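S.K.: need a structure here:
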Amino acid sequence: MLEEGVRLYLAEAYAGSSPPLEVRARLEWPSADSLEALLAAPMFERSPADAPPAECQRIRLRLGNRSYPHMKLGLDRVPETEDWVLVADSHDRQLMAVVQAHERAALETLLQHNADLKMRIERRWTEAGLPTFERFIRGRLSGR
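M.R.: From the prediction side, this is the model:
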């Protein structure tokens, strides 16, 4: 599931081009006998940072996109459940607080690009049957 999520993320984020070397290096995962063991690897950012993956609420893998290197593939625990969902985390809203007035238009363009990309990635995951918040909610509404 995670490998398919990464594949679909990269297909949208880099649109047929190869991701940068630092991103490809983050995809050289160690051998692991479980998803939890894999998510304990250093390329995954955990929250809380010092907790084992099973105790985390969020796990992130920085994959970026062609315009912005800080976008992340995320796994979020659905509150009050043991379920996890894939999220595309643009990780860019905090920039609004620090930009100068003359930079605002360029930042707004970047924010819109990232929002559109997030929607495309999450749509592809949903269509592929991967666990997304949309699929989680639809499942709950249909009684599954």
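S.K.: elements contacting the biggest helix by length in the chain?
M.R.: When the chain is parsed with DSSP state H, its longest helix is helix 104-127. On a contact count with 3 or more C-beta pairs under 8 Å, 6 or more residues apart in numbering; DSSP states H and E, helix 104-127 meets helix 2-13, strand 84-89, helix 133-141. C-beta here means a position set from N, CA and C on the backbone, and glycine is covered the same way.
S.K.: helices and strands around the last one, which ones?
M.R.: Helix 133-141 sits against strand 84-89, helix 104-127, with contacts defined as 3+ C-beta pairs under 8 Å, 6+ apart.
S.K.: what's the answer for the second one, then?
M.R.: When contacts are defined as 3+ C-beta pairs under 8 Å, 6+ apart, strand 84-89 packs onto strand 72-77, helix 104-127, helix 133-141.
S.K.: and residue 90, which of these is closest to it?
M.R.: When those are compared by C-beta to C-beta, helix 104-127 sits nearest residue 90, at 3.9 Å.
S.K.: returning to that earlier point: looking at the helices and strands packed on helix 104-127, which is buried most?
M.R.: Comparing those by mean neighbour count (mean count of other C-beta atoms under 10 Å), strand 84-89 comes out on top with a mean of 22.
S.K.: Give me the contact list for it.
M.R.: 5, 9, 60, 71-78, 117-118, 121-122, 125, 130-133, 135-136 (C-beta atoms under 8 Å, 6 or more residues apart in numbering).
S.K.: Now do it, average pLDDT.
M.R.: The predicted model gives strand 84-89 an average pLDDT of 96.
S.K.: for stretch 61-71, same thing?
M.R.: The average pLDDT for stretch 61-71 rounds to 95.
S.K.: With just CA atoms, put it into CSV.
M.R.: Output of stretch 61-71 as CSV, limited to C-alpha atoms (Å, rounded to 0.1, in the frame of the first residue of the first chain):
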residue,chain,number,x,y,z
LEU,A,61,8.0,11.1,4.1
ARG,A,62,9.3,14.3,2.4
LEU,A,63,9.0,13.7,-1.4
GLY,A,64,8.5,17.3,-2.6
ASN,A,65,7.3,18.2,-6.0
ARG,A,66,8.8,20.0,-9.0
SER,A,67,8.1,23.5,-7.5
TYR,A,68,8.4,22.9,-3.8
PRO,A,69,10.7,20.4,-2.1
HIS,A,70,8.9,20.3,1.3
MET,A,71,5.7,18.6,0.3
